[in-house]
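Need a 3D model of the following:
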Amino acid sequence: MSATPVAAAFPMRMESLVSAGTITEARGEQYRQALTEAFTFKVNWDGSEETPAFAGV
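Numbering: from 1, shown residues only. Next comes the predicted model:
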């Protein structure tokens, strides 16, 4: 599934943090994947499925 428009905005922010040395490239990718998963769930949620718990990155 493709990223939602909101999640699609985050890669640029992650790239900025990586470029600044604030986070590693691997950590930025982990955040991107976690955000995409969270936004995808929210967009597709049917109202009855149990919401997942976030274990962190």
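
quick one, what contacts residue 24?
Counting by C-beta atoms under 8 Å, 6 or more residues apart in numbering, residue 24 makes contact with residue 18. For glycine as for every other residue, the C-beta is placed from the backbone atoms N, C-alpha and C.

Against residue 47, how distant is it?
In this view, residue 24 and residue 47 are 37 Å apart by C-beta to C-beta, to the nearest Å.

try residue 16
Relative to residue 47, residue 16 is positioned 35 Å away (criterion: C-beta to C-beta).

Just want to know which of the two has more residues nearby.
Under the criterion of other C-beta atoms under 10 Å, the comparison of residue 16 against residue 47 puts residue 16 first, with 12 against 4.

Skip ahead from the helix or strand of the chain with the lowest mean pLDDT and say which helix or strand is next.
Across the helices and strands of the chain, the lowest-confidence element by mean pLDDT, DSSP states H and E is helix 5-8, at a mean of 60. For helix 5-8, the succeeding helix or strand toward the C-terminus, using DSSP states H and E, is helix 10-19.

just how off-centre is that next one within its chain?
Mean C-alpha position of helix 10-19 versus that of the full chain (C-alpha atoms, centre = their mean, to the nearest Å) differs by 12 Å.

can you offset everything so residue one is 854?
Yes, from this point I'll number from 854; that puts the last item at helix 863-872.

Could you export it as CSV, keeping only the C-alpha atoms?
C-alpha atoms of helix 863-872 as CSV (Å, rounded to 0.1, in the frame of the first residue of the first chain):
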residue,chain,number,x,y,z
PHE,A,863,7.7,12.9,6.7
PRO,A,864,10.6,11.5,4.6
MET,A,865,11.8,15.1,3.9
ARG,A,866,11.8,15.8,7.6
MET,A,867,13.6,12.6,8.3
GLU,A,868,16.2,13.4,5.6
SER,A,869,16.8,16.8,7.3
LEU,A,870,17.4,15.1,10.7
VAL,A,871,19.8,12.6,9.0
SER,A,872,21.6,15.4,7.2
